[in-house]
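A.B. asks: below is the sequence, then the predicted model.
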Amino acid sequence: MSSATDPFYAMILIYALGKEYAIWDKVFTMRFLKPGKTDLFMNFEVTHPELEQIKQKVDAEGRMEWTKRIDLYDTDGVIVAYADRTISIKKKNSTQRGESR
């Protein structure tokens, strides 16, 4: 079940932020609330305000970690598990705070 949540937020950010940013999955946790006895569904969404906040923080500080919760729900809409994915985002070729290329 965890692999179903794996690449999506990192891939969304890579596409949305562009080649100026280095993006990778850093931390994953999952909490199982009850057995998933039907097909499970997830929604992956990054809003424009979230993207702007990420850009502003990374541009100002050179890097950040961003955590997003993913609910896994069954065909009745009941949440059976959730995952937290932490994505590390860094400005490429950053020279802030003594960082080198």
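C.D. replies: Looks like it arrived, so ask away.
A.B. asks: what helices or strands is the longest helix belonging to the chain leaning on?
C.D. replies: Ordering each helix of the chain by length in residues (DSSP state H) puts helix 48-61 first. Of the remaining helices and strands, those touching helix 48-61 by 3 or more C-beta pairs under 8 Å, 6 or more residues apart in numbering; DSSP states H and E are helix 8-17, strand 63-73, strand 79-91. For glycine as for every other residue, the C-beta is placed from the backbone atoms N, C-alpha and C.
A.B. asks: buried set for the last one?
C.D. replies: Spelled out, that is strand 79-91. Val80, Ala81, Tyr82, Ala83, Arg85, Ile87, Ile89, Lys90, Lys91 (16 or more other C-beta atoms under 10 Å).
A.B. asks: now, among the residues you listed, which is nearest to Asp74?
C.D. replies: Val80 (5.5 Å; C-beta to C-beta).
A.B. asks: so what's that closest one up against?
C.D. replies: Val80 makes contact with Phe32, Leu33, Lys34, Pro35, Gly36, Leu40, Leu72, Tyr73, Asp74, according to C-beta atoms under 8 Å, 6 or more residues apart in numbering.
A.B. asks: let me have these in TSV, adding pLDDT as columns.
C.D. replies: As requested, the contacts of Val80 are exported to TSV (pLDDT from 0 to 100):
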residue	pLDDT
Phe32	95
Leu33	96
Lys34	95
Pro35	92
Gly36	88
Leu40	94
Leu72	95
Tyr73	95
Asp74	96
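A.B. asks: who wins on neighbours among the residues you listed?
C.D. replies: Ranked by neighbour count (other C-beta atoms under 10 Å), the contacts of Val80 have Leu72 at the top, with 23 neighbours.
A.B. asks: grab the nearest non-local neighbour of that one.
C.D. replies: Ala81 (4.4 Å; C-beta to C-beta, 6 or more residues apart in numbering).
A.B. asks: I'd say the one you found and Leu33 touch.
C.D. replies: Yes. Look at Ala81 against Leu33 with C-beta atoms under 8 Å: they come within range, at 5.8 Å.
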